[in-house]
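Colleague: could you look at this predicted model? Sequence included:
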Amino acid sequence: MGKINILSKDTFNKIAAGEVVERPASVVKELIENAIDAKATEIYVEITEGGEALIKIVDNGEGILEEDMRNAFLPHATSKIKTADDLFSISTMGFRGEALSSIASVSKVLTRSKTVGCDGREILVEGGEIRYEKFSPMDQGTLMEIRDLFYNVPARKKFLKTASREGTIISEIVSKISIAHPDISFKLVVEGREVLRTYGTGNQKDVIRQVYSKKVYENLFYFENHFDSFSVHGYIGNEEISRGSRSQETIFVNKRLIQSKVITTAAEKAFKSFATVSRFPFFVINIDVFPEIIDVNIHPQKAEIKFEDEGHIFKSVFGTVHAAMGEGLRETFSVVEEEKNDSFVQLTHEAVSEPVYIDIPVDTMKEDHPDRPLNQGKTAGYVEEKRDSVYNGKEEHNDTDLNRYPFDTSEVKVSQSIERTAKFPMPRIIGQFRGTYILTQIHDELYIFDQHAAHEKINFEKYMKEIREGAVASQSLLIPEILDLDLEDHELYRENREVLSEAGFLIEDFGDRSISIREVPLFLGKVQASSYLHEILDNIRNLGKGNKEDVKYLRIATAACKSSIKAYEELSVEEMRYLIDELRHIDEPFACPHGRPTLVKMTEKDLQKMFRRIV
């Protein structure tokens with residue numbers, strides 16, 4: 001008996017579905033692209049339970065002809081191409097003829113459609129089998145309802161994320177497709193709640209305003225450039241709206257949403273030429289290119305394409321974005337010169353010929369002017385005396401030093417009463433180098449502490465302990481911070497609202513996609529809460545299904561601990577001693593939350609080698 005098996009129709013349809021229908025968002029993307037190819041000007045999208053229970057797409061496009069209703073669900077059936085040669089000049093969004101067949105093989109699909117001059121038609125397909133077909137009155141266009149996705153392939157469901165996370169992914173897909181097609185009006189409803197509406201004005205920047213926020217809209221630079229075989233245009237954001245992830249980087253080639261390392265790297269390098277922080281830019285890049293010089297048939301989901309000359313694409317995108325950012329920043333700092341007024345007014349009154357004398361009583365008993373600081377001559381000597389005491393390792397200090405602590409010293413006595421185990425001996429303080437590194441000595445070894453990394457780790461462990469014990473102390477903001485979130489961030493916030501609350505944040509809805517931050521964890525001190533919340537959302541965004549809450553708390557704490565004391569901050573001897581004593585009593589004192597060392601050790605032998613006393 002031979003080993004080669006001829007697969008059944010049901011089997012190879014499910015294999016094809018595994019490539020095309022990865023998750024509910026894949027279904028939404030394929031159906032929206034079909035609506036766009038049908039020349040729709042209005043597209044309505046509705047989902048429930050992250051798309052597993054229901055995906056509903058309604059458009060006002062050309063519709064499906066009555067005789068094509070059955071054929072539309074057959075494998076490799078398409079109206080976009082006829083021969084293999086057409087693959088090299090594709091101008092539509094879809095072309096393979098796999099989408100409807102693959103979707104219908106793993107779900108229950110109800111389709112209604114009507115074309116001009118014909119009656120409406122309805123067809124129900126379950127698991128790839130047609131259940132019925134009949135006439136159905138409706139307006140011109142197409143309605144598709146996909147229910148019980150993966151009902152006959154339950155193994156696929158375990159690879160999906162939570163319903164709320166799948167809904168967020170769908171929201172992101174719809175929002176980005178709407179940016180590529182500003183002339184089409186989109187409406188997205190998630191769990192009965194409208195989360196996105198665009199108006200089809202044809203202006204891409206208007207859609208960016210709807211999808212993201214007013215802040216993003218106001219911090220964009222437009223760029224445009226034309227070459228022999230393609231054109232580049234779009235928007236790049238300034239440093240103020242940069243983020244800690246690539247979630248706001250969008251690329252369209254011939255209005256097709258794609259991923260491209262070449263284009264992404266070119267735009268990021270151009271942005272970093274003008275950025276002072278290592279973050280990712282906001283950008284929307286549109287490339288209009290002749291279909292003959294690209295290959296869109298290299299990815300099952302059409303998420304990637306291949307350019308004929310990637311080096312030219314890189315150079316063109318980099319140069320265009322770089323020039324736009326340079327020009328935009330120049331305009332930001334432009335100053336309008338004041339107009340010179342050459343007219344003069346002649347004074348008509350006569351000048352005073354004699355001086356005017358005013359009697360001011362003077363207290364001759366005072367020795368100094370009241371505005372002059374007393375003991376002015378003692379300042380320099382006091383500074384020298386204090387500096388000498390630091391470098392001589394003296395332990396003397398005055399009461400004013402204690403008020404400069406950047407630490408919570410109110411718990412010093414309490415912490416001393418609790419028995420704690422030190423991970424290394426208390427060193428002798430030598431001094432501070434450039435307000436960043438604390439130099440100490442233990443026996444005959446030199447220990448150098450990074451004060452920022454050390455304080456960061458202390459805060460991190462303290463914060464994580466408070467979260468686990470449910471005892472996070474929060475502080476109310478005098479003026480709540482109002483923050484406009486984009487579509488994806490708002491869905492992510494709603495999904496993790498309880499986690500943020502337990503981590504010490506009090507956040508309330510403030511209409512549409514705006515939120516009001518009213519309380520933040522106490523140890524953050526004076527911070528800009530919105531920037532911390534953005535970073536926390538960026539950290540949580542990459543977590544998958546089934547992650548424990550403490551993993552999310554870990555991400556929150558890592559972001560929040562940036563409120564620790566910074567480099568180039570002068571500390572007194574007592575502050576340095578307190579910082580190191582706290583560090584040596586925590587659980588993991590040798591590395592900060594980001595993995596950098598908090599202290600390094602140098603032996604006398606290391607120094608002798610450096611000075612070549614020994615070989």
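Modeller: Ah, there it is.

Colleague: the residue lying closest to residue 315 once chain neighbours are set aside: neighbour count?
Modeller: Closest residue to residue 315 apart from its sequence neighbours, by C-beta to C-beta, 6 or more residues apart in numbering: residue 266 at 7.8 Å. To be clear about C-beta, it is placed using only N, CA and C from the backbone, and glycine gets the same treatment. Residue 266: 24 surrounding residues under other C-beta atoms under 10 Å.

Colleague: what number of residues lie near residue 261?
Modeller: Residues near residue 261, counting by other C-beta under 10 Å, number 10.

Colleague: got it, and residue 600?
Modeller: 12.

Colleague: I figured residue 502 hits residue 472, correct?
Modeller: Yes: counting by C-beta atoms under 8 Å, residue 472 is a contact partner of residue 502 at 7.2 Å.

Colleague: of these two, which one has the most company?
Modeller: Between residue 502 and residue 472, counted using other C-beta under 10 Å, the more crowded position is residue 472 (20 against 16).

Colleague: which stretches of the stretch 1-150 of the chain form helices?
Modeller: Secondary structure of the stretch 1-150 of the chain by DSSP state H, counting those that start in this stretch: the helices cover 9-20, 24-37, 99-105.

Colleague: what packs against the last one?
Modeller: In this case it means helix 99-105. Applying 3 or more C-beta pairs under 8 Å, 6 or more residues apart in numbering; DSSP states H and E, one finds that helix 99-105 makes contact with helix 9-20, helix 24-37.

Colleague: please name the nearest non-neighbouring residue to residue 281.
Modeller: Nearest non-adjacent residue to residue 281, counting by C-beta to C-beta, 6+ apart: residue 271, 3.9 Å away.

Colleague: what pLDDT is listed against the one you found?
Modeller: If you check residue 271, the pLDDT there is 92.

Colleague: and the contacts of the helix or strand that contains it?
Modeller: For residue 271, the host element (DSSP states H and E) is helix 261-272. For helix 261-272, contacts defined as C-beta atoms under 8 Å, 6 or more residues apart in numbering pick out 236, 242, 246, 249, 251, 278, 280-281, 283, 285, 287, 307, 310, 313-315, 317-319, 321-322, 325.

Colleague: now the residues you listed: which count as buried?
Modeller: Among the contacts of helix 261-272, those buried by neighbour count (16 or more other C-beta atoms under 10 Å) are 236, 242, 249, 251, 280-281, 283, 285, 287, 307, 313-314, 317-318, 321-322, 325.

Colleague: filter those residues down to just the ones in strands.
Modeller: Residues of those located in strands (DSSP state E): 236, 249, 251, 283, 285, 287, 307.

Colleague: host element of the closest residue to the fifth one other than its chain neighbours?
Modeller: So the one you mean is residue 285. Among residues not flanking residue 285 along the chain, residue 234 sits closest, at 4.5 Å (C-beta to C-beta, 6+ apart). Per DSSP H and E: residue 234 is located in strand 230-237.

Colleague: mean confidence score for that strand?
Modeller: 94.

Colleague: just the CA atoms of that strand, as CSV, please.
Modeller: Output of strand 230-237 as CSV, limited to C-alpha atoms (Å, rounded to 0.1, in the frame of the first residue of the first chain):
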residue,chain,number,x,y,z
PHE,A,230,7.2,55.3,-6.9
SER,A,231,6.1,58.1,-4.6
VAL,A,232,6.5,58.5,-0.8
HIS,A,233,4.2,60.6,1.4
GLY,A,234,2.8,60.6,4.9
TYR,A,235,3.4,61.9,8.4
ILE,A,236,6.1,61.6,11.0
GLY,A,237,5.7,62.6,14.6
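
Colleague: so in the chain, which strand runs the longest?
Modeller: The chain, longest strand under DSSP E: strand 474-484.

Colleague: can you list the strands that that one pairs with?
Modeller: strand 514-521 (antiparallel) (DSSP bridges).

Colleague: for the strand it pairs with, buried residues please.
Modeller: 515, 517, 518, 519, 520, 521.

Colleague: would you mark the buried spots in whichever helix or strand comes after that strand?
Modeller: Using DSSP H and E, the helix or strand that follows strand 514-521 in sequence is helix 529-541. Neighbour-count burial for helix 529-541, counted by 16+ other C-beta under 10 Å, picks out 529, 530, 532, 533, 534, 535, 536, 537, 538, 539, 540, 541.

Colleague: and the contacts of the longest helix along the chain?
Modeller: Longest among the helix segments of the chain by residue count, using DSSP state H, is helix 310-332. For helix 310-332, the external contacting residues (C-beta under 8 Å, 6+ apart) are 221-225, 227, 230, 232, 236, 238, 262-263, 265-267, 269-271, 273-274, 283, 285, 287, 307.

Colleague: go again using 6 Å as the cut-off
Modeller: Residues outside helix 310-332 that contact it (C-beta atoms under 6 Å, 6 or more residues apart in numbering): 221, 223, 225, 227, 232, 236, 262-263, 266-267, 270, 274, 307.

Colleague: which ones are touching residue 51?
Modeller: 24, 166, 170.

Colleague: nearest residue to the second one in space, please, no chain neighbours.
Modeller: The one in question is residue 166. Leaving aside its sequence neighbours, residue 166 sits nearest to residue 50 (C-beta to C-beta, 6+ apart; 3.2 Å).
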